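Colleague: what follows is a predicted structure for the sequence shown.
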Amino acid sequence: MSPFLVMSLLFGLTFGQTASLCAPSEYTIHVEKRECAYCLAINTTICAGFCMTRDSNGKKLLLKSALSQNVCTYKEMLYRTALIPGCPHHTIPYYSYPVAVSCKCGKCNTDYSDCVRERVRTNYCTKPQKLCNV
């Protein structure tokens, strides 16, 4: 364990707060369309990490504002578009995806985030793969 992580945990335990470790992280998205000949592997960044959460056993006794379920989510993001190779002319060969510029701990917004941890790995290719570095 790194010295920074150990010191952050000790500081957090001492003062009742734990340092946020929420930051952009490298991630590979695999994209394919049924009509296209290839699967595209896109290297991008997503928000990932630890955020302080407060949850009480006495939920019914507390106001909802006293409970906090924070997740590592986008503070600033931009969208990029990639071209999926090997698509016929009648198919739209473009795929737009988010790129995390900066992250924050906050409420999960289902408009642009998947707020449930995925249990089954579905991010893979079934067709020959091409790589897109962005």
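Modeller: Right, received. Where do you want to start? Keep in mind that what you see is a predicted model, and the values were worked out from it rather than measured. Numbers count the residues shown, from 1 in each chain.

Colleague: partners of the residue nearest to N109 when sequence neighbours are not counted in the sheet?
Modeller: Among residues not flanking N109 along the chain, T73 sits closest, at 6.6 Å (Cβ to Cβ, 6 or more residues apart in numbering). Where you see a C-beta, it was placed from the backbone N, CA and C, and this is true even at glycine. Taking DSSP bridges as the rule, T73 bridges to K104.

Colleague: hang on, T73 packs against C47?
Modeller: Yes: T73 is within contact range of C47, at 5.6 Å (criterion: Cβ atoms under 8 Å).

Colleague: more neighbours: which of these two?
Modeller: C47 (24 against 21; other Cβ atoms under 10 Å).

Colleague: ok, what's across the strand from the more buried one?
Modeller: Bridge pairing for C47 - DSSP bridges - gives P24.

Colleague: which residue ranges form the strands in the chain?
Modeller: With DSSP state E as the criterion, the chain has strands at 21-32, 39-50, 71-83, 94-106, 129-133.
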